[in-house]
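[1] Return atomic coordinates for the entry below.
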Amino acid sequence: MDQTSIDSGKPAAIISYLTIFGVLIAYFMNNEKKNVFAAFHIRQALGLWLTFFALGLVISNFDSWMASGSLYLAFGVLFMYGFFTAVAGKTNEVPLVGKFYQNIFSGLGQ
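    Numbering: from 1, shown residues only. Okay, the predicted model is just below:
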């Protein structure tokens, strides 16, 4: 991956971490160009958002502020890590689950 492809895919990569709608916007921004850097971060962000919502549904049944706070803190750190790697122009996987997201969403953005 060269610097020009990183620079051209950086806006879509950054937008993908902002909200779940940002993932959709970034996906359609990258739909024609098929930028590898943007696709990497779109897969990471999509996996994070889907896991966040799925775990949020489960943890909401516990009715505990400690469990909810832990979920928000953990995913806040993971989202910030992904966001700052996108801003820096790197393709570091999100810790713990990044490789899984790359494998499961491998057809996305190809």
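[2] rest of the way, CA atoms for contacts and neighbours
    OK.
[3] Now do the helices in this protein.
    For the chain, the helices defined by DSSP state H cover 3-16, 20-30, 36-59, 65-88, 98-104.
[4] Mean pLDDT and mean neighbour count for these - can I get that in TSV?
    What follows is these, written out as TSV (pLDDT from 0 to 100; neighbours: other CA atoms under 10 Å):
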stretch	mean pLDDT	mean neighbour count
helix 3-16	90	20
helix 20-30	92	19
helix 36-59	93	20
helix 65-88	94	15
helix 98-104	89	16
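[5] what's near enough to touch the closest residue to residue 55 other than its chain neighbours?
    Counting by CA to CA, 6 or more residues apart in numbering, residue 55 lies nearest to residue 71, which is 7.9 Å off, once chain neighbours are set aside. Residues in contact with residue 71 (CA atoms under 8 Å, 6 or more residues apart in numbering) are 52, 55-56.
[6] want to try a markdown table for those, with distance to residue 14 as columns?
    A markdown table is the format used below for the contacts of residue 71 (distance: CA to CA, whole Å):
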| residue | distance to residue 14 |
| --- | --- |
| 52 | 18 |
| 55 | 24 |
| 56 | 23 |
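[7] ok, these vs residue 99, which is closest?
    Set against residue 99, the nearest of those by CA to CA is residue 52 (16.5 Å).
[8] Please determine how far the closest one is located from residue 76.
    Distance of residue 52 to residue 76, computed by CA to CA, to the nearest Å: 10 Å.
[9] cool, and residue 108?
    Distance from residue 108 to residue 76, by CA to CA: 24 Å.
[10] Residue 103 too?
    Using CA to CA, we find residue 103 at a distance of 22 Å from residue 76.
[11] Was I right to think residue 37 contacts residue 91?
    Yes: if you go by CA atoms under 8 Å, residue 37 and residue 91 touch, sitting 7.1 Å apart.
[12] As a quick check, tell me the outermost residue of the protein.
    Within the chain, residue 63 marks the point farthest from the mean C-alpha position, 27.0 Å out by CA atoms, centre = their mean.
[13] Okay then, goodbye and thanks.
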